[in-house]
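*Asks:* This is a predicted model, with the sequence first.
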Amino acid sequence: MKNIAILCSGGDVSGMNPALKQFVEYSLQNGLTPYFVYDGFEGLIDNKIEIATHKDAAGIINRGGTIIGSARSKRFMQKEFREVAKKNLDALSIDMLLVLGGDGSFRGMDIFYKEHGIKFCGIPSTIDNDINGTEYCLGVDTALNVIKDSIDNIRDTAASFSRAFVIETMGRNCGYLALVSALCSGAELCLIPEIEYDLKEYEKSFKEQIKSGRKYFIAVVSEGIKEESSEIAEWFEEKIGLESRVTILGHTQRGGNPTIYDRLMAYKFVNHAIDGLLGGRDESVICYTKKGFEYKSIDEIANKKYELDSELLGYLKKF
């Protein structure tokens, strides 16, 4: 029997546990012995590698986060520690690895493969949805639903007190979460890093809306914009004349019960990743595109900046 392992690297997402469950089940269906690597690349170095069974995967599909832990490993960037990781894998006869993470994790595995020949397939897993080459990353749908629920709840208070609420989403320098959430929650303002903005351009329209009877505003902003959310709130108070509050959603967006879509995508990502490895694809990332699932090289994924879909950006004209 061949041995195969899986690890999570970087930020956790809701969808990792469904992926771990499917990894165990699909590996066994294909005559493979599955292993869990605990605590990401740190676990490879510290030999936290254990056989995974149906028992380990039972009852985890509805849980957010990852039962095997995750980490950002500075040690794995050093050749001496990658050699330790290789010895640990060799001792268990593991030569195939699935990596749930982002482009930084995939670049690390690219180096590891070229040095030591450990075959791998990457599964894009980040709520920021900022990995080039894939339309969708695991965990995004759950994060969007968490944000949607939060905005819907905040709207009740905004309407009751005639306030403006500035709601900050995660995303680093990618405005995907903010833009999609704003569109799907009926926000009146959306600010993202990809588009330059001038708040003065909104003043006349917002004041006219208040004269016409509008009593509150919902503004959804990405954490990567040029101003602090508190500055946007001050603008609402000083220029628009509405009492304002700021809500920073923070890490609530990374947790929560995985949605049906993320559970299904976890299933599909894992199956394609294992199929690719068994089919002779020794070094790839499985991506979801308009054409369906595609295997792409690290160069395609990691060496070009992710850009928001032009159609989505076009919808910003609404604001």
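*Replies:* Ah, there it is.
*Asks:* make it CA atoms for all contacts and neighbour counts henceforth
*Replies:* Noted.
*Asks:* Now Tyr306: closest residue in space that isn't a chain neighbour?
*Replies:* Excluding the flanking residues, the one nearest Tyr306 by CA to CA, 6 or more residues apart in numbering is Asn132, at 4.3 Å.
*Asks:* who are the neighbours in contact with the one you found?
*Replies:* The contact partners of Asn132, by CA atoms under 8 Å, 6 or more residues apart in numbering, come to Glu300, Ile301, Ala302, Lys304, Lys305, Tyr306, Glu307.
*Asks:* Now do the helices in the chain.
*Replies:* 16-29, 40-45, 54-57, 79-91, 103-116, 140-161, 176-185, 200-211, 229-235, 260-278, 298-302, 310-314 (DSSP state H).
*Asks:* got TSV for those helices, with mean neighbour count and distance to Pro124 too?
*Replies:* Conversion of these to TSV gives the following (neighbours: other CA atoms under 10 Å; distance: least, CA to CA, whole Å):
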stretch	mean neighbour count	distance to Pro124
helix 16-29	23	11
helix 40-45	24	15
helix 54-57	14	21
helix 79-91	17	22
helix 103-116	18	8
helix 140-161	19	10
helix 176-185	22	15
helix 200-211	13	37
helix 229-235	18	29
helix 260-278	20	9
helix 298-302	17	10
helix 310-314	11	20
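*Asks:* Can you redo those helices as CSV, where the extra columns are mean pLDDT?
*Replies:* Compiled in CSV, the helices of the chain are given as follows (pLDDT from 0 to 100):
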stretch, mean pLDDT
helix 16-29, 98
helix 40-45, 97
helix 54-57, 96
helix 79-91, 98
helix 103-116, 93
helix 140-161, 97
helix 176-185, 96
helix 200-211, 96
helix 229-235, 98
helix 260-278, 98
helix 298-302, 87
helix 310-314, 90
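*Asks:* Nearest to Gly292, out of those?
*Replies:* Closest approach to Gly292 among these is made by helix 260-278 (10.7 Å; CA to CA).
*Asks:* May I have the closest one as CSV, with CA atoms only?
*Replies:* This file holds the C-alpha atoms of helix 260-278, laid out as CSV (Å, rounded to 0.1, in the frame of the first residue of the first chain):
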residue,chain,number,x,y,z
ILE,A,260,-23.1,23.0,2.3
TYR,A,261,-21.1,24.6,-0.6
ASP,A,262,-17.8,24.5,1.3
ARG,A,263,-18.5,20.9,2.3
LEU,A,264,-19.2,19.9,-1.3
MET,A,265,-16.1,21.9,-2.6
ALA,A,266,-13.9,20.2,0.0
TYR,A,267,-15.1,16.8,-1.3
LYS,A,268,-14.4,17.7,-4.9
PHE,A,269,-11.0,19.4,-4.2
VAL,A,270,-9.7,16.4,-2.2
ASN,A,271,-10.9,13.9,-4.8
HIS,A,272,-9.3,15.8,-7.7
ALA,A,273,-6.1,16.2,-5.7
ILE,A,274,-5.7,12.5,-4.9
ASP,A,275,-6.7,11.6,-8.4
GLY,A,276,-4.0,13.9,-9.8
LEU,A,277,-1.3,12.4,-7.6
LEU,A,278,-2.3,8.8,-8.5
